[in-house]
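J.: Kindly return the folded structure for what I paste below:
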Amino acid sequence: MSYKIRVLFICTANSARSQMAEALLRHTDDEHFAAFSAGTAPAAVDPRALSALEHLGVATNSLHSKSLDEFAGERFDYVITLCDKAALECQALPGAGEYLAWDFEDPVTSRKPDTYRHTLHEIHERIKMFVLVKNKR
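T.: Modelled structure (predicted):
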């Protein structure tokens, strides 16, 4: 078995954006990447996020909210924050190879119609580009 690139997605609650990113990276390229997600203040996974993923045909059975503390001492090739608040709180996370700060609007607080599917699409496009670029190394 070859080495998988370890990626940790972080947002505040680990209820929507980071869950979507974890599931989408697994769905997009499980062969080369090991995806994880956590929150700085974890809450329950939002059922609307799960519904948006399932609508796209992405497996959600392994998703559950996790605290950043669960990953203490683990090494990651990439730590990707999905909101500005998490980016500020996670700048000094030990065990991180490279930090990437992506900022997506929180679908939980958005008033836009179909916000979960829109956020899912935006994250999916970014992940597809990430996979494309990182697989060329």
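
J.: Give me the contacts around stretch 115-123.
T.: For stretch 115-123, the external contacting residues (Cβ atoms under 8 Å, 6 or more residues apart in numbering) are 16-17, 20-21, 24, 46, 48-49, 51-53, 55-56, 82, 102, 104-105, 107, 110, 112. C-betas here are computed from N, CA, C, even on glycine.

J.: Now that stretch: average pLDDT?
T.: For stretch 115-123, mean pLDDT rounds to 95.

J.: so of the contacts of stretch 115-123, which ones are in strands?
T.: Among these, DSSP state E puts none in strands.

J.: Put the buried members of these into a ChimeraX selection.
T.: In ChimeraX, this line selects whichever of these come out buried by 16 or more other Cβ atoms under 10 Å:
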select :16,17,20,21,24,46,48,49,52,53,82,102,104,107
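
J.: Quick check: helices, which of the contacts of stretch 115-123 are part of them?
T.: Those of the contacts of stretch 115-123 mapping onto helices are 17, 20-21, 24, 48-49, 51-53, 55, per DSSP state H.

J.: Give the partner strands of the helix or strand containing Asp77 in its sheet and their orientations.
T.: Asp77 belongs to strand 76-81 when assigned by DSSP states H and E. Paired neighbours of strand 76-81 in the sheet (DSSP bridges): strand 5-11 (parallel), strand 96-101 (parallel).

J.: outside of that strand, which residues touch it?
T.: Outside strand 76-81, the residues touching it (Cβ under 8 Å, 6+ apart) are 5-11, 21, 36, 87, 90, 93, 95-102.

J.: Just the buried ones from those?
T.: Counted by 16+ other Cβ under 10 Å, the contacts of strand 76-81 give 5-11, 21, 36, 87, 90, 93, 96, 99, 101-102 as buried.

J.: Fine, thanks again, bye for now.
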